[in-house]
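Undergrad: What shape does this take:
(chains A and B)
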Amino acid sequence: MAHPQHAAARRGRSLASREALQGFVFVSPWILGFLLFTAGPMLFSLYASFTNYDITSQMAWIGFKNYDTMLNHDPLFWKSLRNTLYFVAISVPLQTVAGMLLAVILNRRMLGIRLFRTVFYLPSVLSGVGVYVLWMMLLSPSAGLVNLALSWLGIDGPAWLTDPAWTKNAIILMKLWGAGSMMLLYLASLQGVPNKLYEAAELDGAGRLRKFWHVTLPMITPVIFFEIVTGFIGGFQIFQEGYVMGYGNDPGAPMNSLLFYNLHMFLKAFKVFDMGYAMAMAWFLFLIVLLLTLINLTLSRFWVHYEGGEQ
Amino acid sequence: MNMATFSKREYAREREQARKIALMKASPAKPLRSKLSTLLLFLLMTLVGLLMLVPLWWMISTSLKSMREIMSYPPTIVPEQVHWDNYVHAWQKGHFGRYALNTLLLAGIVVFSHVLSNTFVAYGFAKIRFKGKKLLFSIMLGTMMIPSFVTLIPQYILFSKLHWINTYLPLTVPGFFGSAFQIFLVRQFFMTIPNELIEAGKVDGANHFRIWWQLMLPLSLPVIATIAIMTFQGAWNDFTGPLIYINSESLFNLQIGLQAFKSTETTQWHYLMAGSVIVLLPVVLLFFLFQKYFIEGMNISSATKG
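TA: Residues are numbered from 1 along each chain as shown, chains lettered A, B, ... in the order given. Now for the predicted structure:
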C-alpha cells in the first residue's frame, strides 16, 4: 500500500507527463515536417553537394569539386551573384525608404486617408505572372506607357527590358510599385509611438523635422530592422522575375542580365540536371544569407531601439 | 461573442475620445502654414496614388482594345470600342477554364491543410507545457531564415523518388505538416486567449484535442481568416511549385497557364492583358472583400516585433 501523499505526487507526475505527451502530439506535425521537408533535405543536399549527383546515375563523391567549379570556373555563377547583389542592394533600401515615407505622410488626419492607404497597399497584394506581363507591356521601349510618360517630361526613356544595362532597374521599378506592404507595417508601428514623446519634444521647441529625427525614427527602428532583415532574405530569393520577364521568353536574357542567383541554380538543377552543383550553390546562398543576417543582428545593437531596455 | 461586443464598445469609446482630443487640438485655429502643408501633401498623395493605379487601369483598358488600337500612336486612354470578346478568346484559347478549376482545387486543399495543421501545432506551442518546447519553438523560428531554394532541390529529389512528380501531392502534402510563419502567427493569437477558459474546459472533462477543436477554433476565427486568405493568395499565385512538379498541361494552374499563354500569344497584348486580368481579378476581389484580414495579418506580425 503506497502512502497517500506519494500516490498524489505520482498522480501529479503522471498528469504532468501525460500533459507533456499531449504537447508533443500537438507539435508533432511540425516536428515531422521539419525532419522530412527541411532538416532531412538539407542534410542530404549538404552531402550531395560533394557529389556529382544527377538523379539518373550513381552518385560519386567528388570532394570540393562543385565548390571549386562554382568559385573558379563558372563565370555565370559570379554574374548571377552580382545581379542578385545589385538587385538587393538597391531594391531593399529603396523599398524601405519608400514604405516609410508613405507611412509617415499617411499617418495623419487627412481627407480620404483610408482610400489613400487602400490605393497604396493594393498593388502589393498582386503578384505572379499577371503582374510580370503587365509590366512587360508598360516597360516596352516604344509602345510602353512608362516611356510615353517620360517623353512628356522630355526624357528619352531607356529600352528597359531589352537593354542589359537597364533590365535590373526595370525589375526594381516594378518592385517599388508593391512597396505598400511595407507601408502597412510602418503605419502600425507609427501608431504605437506615444503622443507624450511628441508633446515633450514640442515643449522643447522641436519642429517637425527634428521630431521625426529624434522621436519617430528611434521609435520605429525595430520595424526598420525587421524590414531590412526580411527584405534581404526575400531579395536573395528573386527568381520568377528573371524567369518570366527574360527577353524573348529566354530566362535571364538579355545577355544574362536577369540571370539571378536562384535562376542560375534552377537552370543547373532542372535543365541540365547538375543537381550536385545546384545544391552546392544552394548551400553557398544559405551561408551568404546567414552571414548577412548575423551581421544585421550584430549591427542592430548599435541602432535599433527597443522600448523597455535591451531585447 | 462576449469578447466581440466588449471590444466593440471599447473601440467606440476610444474613437469618441480620439474625436474629442482632435477637436480640442483643432479648435485653437491651426496655423495657416500647417493647413497649407496638409493641402500640399493631399495633392501630392493624390498624384502618387493615381500613379499607382495607372498600371491597373492600363491593364484593363488594353484588355478591352483591339490590336489595331493598341498599335496606334499616341495611345488611347479609354478604349474607342470595347472588345469584351478579348476575354472570351483568352479564356478559351488559354484553356483558362481548366486551369482555374485546377487552381481552385489546389488552393482549396492547401488552405484546408494550413488552417488545420497550423492551428493544431500552434495550440501545442501556446497552451501546453512540456519539456523542450522553447528549444523546438526557437528552431521553428530559425527555419524562417532558410531561403526556400535551399530545400527546393532536395525536396524535388525526395518527391521524384516517391514517384510524386506530375501529381498534386508535392504541392499539397507538405501543407499538412504546418508552416513556421503561420504557426507563429496563430500562436501569438492563442496566447491572448485566457488560460482560465482552457482550465474550465478541462474541468468539464474535455481533453486538449476537444479544447482545440471546440473552444480555440471558434474563438480564433479572425486569425483563421487571416491565415486562410494569406494561404489562398499564396496558392493562387504559386508559380515555382507547379513549374517544377507539373508537366501535364491538364494539371497546369493559372500561373503556369498564363506563362504558356504568354509565349504563344507573345505580341497579342489585348489577349495577354485579358488573361492577366482573369488571373489577377480574384485576388483584387478578395482584397476588397477581406481588406481587414490582409491588414490584420500584417499587424499581428508587426505587433510582435517591438
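Undergrad: Now do the strands in the stretch 201-306 of chain B.
TA: Shown for the stretch 201-306 of chain B, no strands are assigned by DSSP state E, counting those that start in this stretch.
Undergrad: got the residue ranges for the helices in it?
TA: Under the criterion DSSP state H, counting those that start in this stretch, helices of the stretch 201-306 of chain B are mapped to B:208-210, B:217-219, B:221-236, B:240-245, B:254-264, B:269-289, B:291-303.
Undergrad: quick one, the fifth one and helix B:221-236 angle?
TA: Between helix B:254-264 and helix B:221-236, the angle comes out at 30 degrees (axes from the mean of the first three to the mean of the last three C-alpha atoms, to 10 degrees).
Undergrad: what about helix B:254-264 and chain A, any contact?
TA: Yes - using C-beta under 8 Å from any C-beta of the partner chain, helix B:254-264 comes into contact with chain A via B:255, B:258-259, B:262-263. Where C-beta positions appear, they are placed from N, C-alpha and C, glycine not excepted.
Undergrad: where does chain A dip in pLDDT?
TA: Applying pLDDT under 70 to chain A flags residues A:1-13, A:307-311.
Undergrad: Of all residues in it, which one is nearest the centre?
TA: residue A:234 (1.5 Å; C-alpha atoms, centre = their mean).
Undergrad: what comes up buried for stretch B:69-85?
TA: Judged by neighbour count using 16 or more other C-beta atoms under 10 Å in any protein chain shown, the buried positions of stretch B:69-85 are B:69-70, B:75, B:79, B:83.
Undergrad: Apologies, that question was intended for stretch A:190-202.
TA: A:190, A:193, A:201.
Undergrad: of all the helices of the stretch 201-306 of chain B, which lies closest to residue A:239?
TA: helix B:240-245 (6.8 Å; C-beta to C-beta).
Undergrad: Compare the mean pLDDT across the helices of the stretch 201-306 of chain B and name the weakest.
TA: The minimum mean pLDDT among the helices of the stretch 201-306 of chain B belongs to helix B:291-303 (a mean of 65).
Undergrad: okay, how far is it across stretch A:149-156, tip to tip?
TA: 10 Å (C-alpha to C-alpha, to the nearest Å).
Undergrad: thinking again about what came up before, which of the buried residues of stretch B:69-85 lies closest to residue A:46?
TA: Looking across the buried residues of stretch B:69-85 and measuring by C-beta to C-beta, the closest to residue A:46 is residue B:70, at 51.3 Å.
Undergrad: Which of the three states applies to that closest one?
TA: What DSSP: H, G, I helix; E, B strand; the rest coil gives for residue B:70 is helix.
Undergrad: how close does it get to chain A?
TA: 7 Å (C-beta to the nearest C-beta, to the nearest Å).
Undergrad: Show the contacting residues for that residue.
TA: A:143, B:62, B:269-270 (C-beta atoms under 8 Å, 6 or more residues apart in numbering or on different chains).
Undergrad: Just the buried residues of these.
TA: B:62, B:269-270.
Undergrad: Closest to chain A out of the residues you listed?
TA: residue B:269 (5.6 Å; C-beta to the nearest C-beta).
Undergrad: Hmm, residue B:67 and that closest one touching each other?
TA: Yes - the pair residue B:269 / residue B:67 is scored as a contact, 7.4 Å apart, by C-beta atoms under 8 Å.
Undergrad: returning to what we had before: can you tell me the element the residue nearest to the centre of chain A falls in?
TA: helix A:221-235 (DSSP states H and E).
Undergrad: Pull that helix out as CSV, backbone CA atoms only.
TA: Only the C-alpha atoms of helix A:221-235 are listed here, as CSV (Å, rounded to 0.1, in the frame of the first residue of the first chain):
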residue,chain,number,x,y,z
THR,A,221,13.8,51.3,-35.6
PRO,A,222,12.6,47.7,-34.6
VAL,A,223,10.3,47.7,-37.7
ILE,A,224,13.0,49.2,-39.9
PHE,A,225,15.3,46.4,-38.7
PHE,A,226,12.7,43.8,-39.4
GLU,A,227,12.1,45.2,-42.9
ILE,A,228,15.8,45.1,-43.7
VAL,A,229,16.3,41.6,-42.4
THR,A,230,13.3,40.1,-44.2
GLY,A,231,14.0,42.3,-47.2
PHE,A,232,17.4,40.8,-47.6
ILE,A,233,16.2,37.2,-47.1
GLY,A,234,13.4,37.8,-49.6
GLY,A,235,15.6,39.7,-52.0
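Undergrad: So which elements touch the following helix or strand past that helix?
TA: Using DSSP H and E, the helix or strand that directly follows helix A:221-235 along the chain is helix A:240-245. Where contact means 3 or more C-beta pairs under 8 Å, 6 or more residues apart in numbering or on different chains; DSSP states H and E, helix A:240-245 is packed against helix A:129-138, helix A:167-176, helix A:261-270.
Undergrad: Counting neighbours, what do you get for residue B:286?
TA: By other C-beta atoms under 10 Å in any protein chain shown, the residues close to residue B:286 number 17.
Undergrad: Tell me how many other residues crowd the residue nearest to it when sequence neighbours are not counted.
TA: Leaving aside its chain neighbours, residue B:286 sits nearest to residue B:229 (6.5 Å; criterion: C-beta to C-beta, 6 or more residues apart in numbering or on different chains). Using other C-beta under 10 Å, residue B:229 has 22 other residues around it.
Undergrad: my guess is residue B:229 meets residue B:285, correct?
TA: No - the criterion here is C-beta under 8 Å, and residue B:229 misses it with residue B:285 at 11.7 Å.
Undergrad: Just list the residues touching residue B:228, thanks.
TA: Residue B:228 neighbours (C-beta under 8 Å, 6+ apart): B:111, B:114-115.
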